[in-house]
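Undergrad: Quick one, fold the following:
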Amino acid sequence: WDPQLVHFSKDYRVIAVDLPGFGASDRVDAPYTPPWYADHVVAFLDALGIEAVTWVGHSMGGQIGLHAALDHADRVERLVLVSTAPAFGGEDGPTGLAAAEFLAARMEPVNEGRRMQYIARQVVPTMVAPDCPLTVQEAAVKVMAAHAPAAYRAALEAVVRFDARDRLGSLALPTLCVTG
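TA: So this is what the prediction gives:
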């Protein structure tokens, strides 16, 4: 997110939250689910005295933002969802075969006791475009390698189980969805 932070901070107050279990944040005993993180970030906004935000989230960060917009509607004025979907796994949803296969493939190296550095080097290339600059991939590997394995495991399970399709109709805020 560094390039985006630099760019947008020219015109806006920009805050990047280092979520518990990821990056340099504490490893806590927590569910690491989008609703839990949404509540955590709203409490963080309270501590900063921030009433409402434009929420920009990528992947699980978008799921967290979606939950924040649904559960704390007065706190999210606008929503930007980047490579985020209201449910995982396509038409068959979070309980379907695609979700199960994804989770099994991503959990295999975790279950084998592999280090996050190894997992990041395997996973990041599958998450970016074929022509993604190597410097961007290396930055993503560095970020992912810092994840706590327990948080990574819990986040994978939460992302796959995520399903907010039945609540989308209650959203009443400008929302930009970006993918590709």
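Undergrad: And the strands in this structure?
TA: Ranges of strands within the chain are 53-58, 76-82, 175-178, based on DSSP state E.
Undergrad: got the ones you listed as JSON lines, with mean neighbour count, distance to A16 and mean pLDDT columns?
TA: Every residue, glycine included, has its C-beta placed from N, CA and C. Formatted as JSON lines, the strands of the chain follow (neighbours: other CB atoms under 10 Å; distance: least, CB to CB, whole Å; pLDDT from 0 to 100):
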{"stretch": "strand 53-58", "mean neighbour count": "20", "distance to A16": "9", "mean pLDDT": "94"}
{"stretch": "strand 76-82", "mean neighbour count": "19", "distance to A16": "14", "mean pLDDT": "96"}
{"stretch": "strand 175-178", "mean neighbour count": "13", "distance to A16": "17", "mean pLDDT": "95"}
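Undergrad: For E112, find the nearest of these.
TA: Of all the strands of the chain, strand 53-58 sits nearest to E112, with 27.1 Å by CB to CB.
Undergrad: ok, back up a step: turn the strands of the chain into a markdown table, columns for distance to P130.
TA: Listed next are those as a markdown table, based on distance: least, CB to CB, whole Å:
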| stretch | distance to P130 |
| --- | --- |
| strand 53-58 | 19 |
| strand 76-82 | 19 |
| strand 175-178 | 19 |
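Undergrad: closest to P109 out of those?
TA: strand 53-58 (22.1 Å).
Undergrad: thinking again about what came up before, nearest to L103, out of the strands of the chain?
TA: Relative to L103, the nearest member of the strands of the chain by CB to CB is strand 53-58, separated by 19.5 Å.
Undergrad: show me where pLDDT drops low in this structure?
TA: For the chain, the stretches flagged by pLDDT under 70 are 23, 26-27, 89-96, 180.
Undergrad: so which of the strands of the chain gets nearest D2?
TA: Taking CB to CB, strand 53-58 is the member of those nearest to D2, at 13.3 Å.
Undergrad: helices or strands next to the closest one in the packing?
TA: Packing contacts for strand 53-58, counted by 3 or more CB pairs under 8 Å, 6 or more residues apart in numbering; DSSP states H and E, involve helix 60-71, strand 76-82.
Undergrad: now the last one against helix 60-71, angle please.
TA: Relative orientation of strand 76-82 and helix 60-71, computed by axes from the mean of the first three to the mean of the last three CA atoms, to 10 degrees: 150 degrees.
Undergrad: who does strand 76-82 touch, helix- and strand-wise?
TA: In terms of contacts (3+ CB pairs under 8 Å, 6+ apart), strand 76-82 is packed against strand 53-58, helix 60-71, strand 175-178.
Undergrad: Dump those to JSON lines, plus distance to L97.
TA: As requested, the helices and strands packed on strand 76-82 are exported to JSON lines (distance: least, CB to CB, whole Å):
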{"stretch": "strand 53-58", "distance to L97": "25"}
{"stretch": "helix 60-71", "distance to L97": "21"}
{"stretch": "strand 175-178", "distance to L97": "25"}
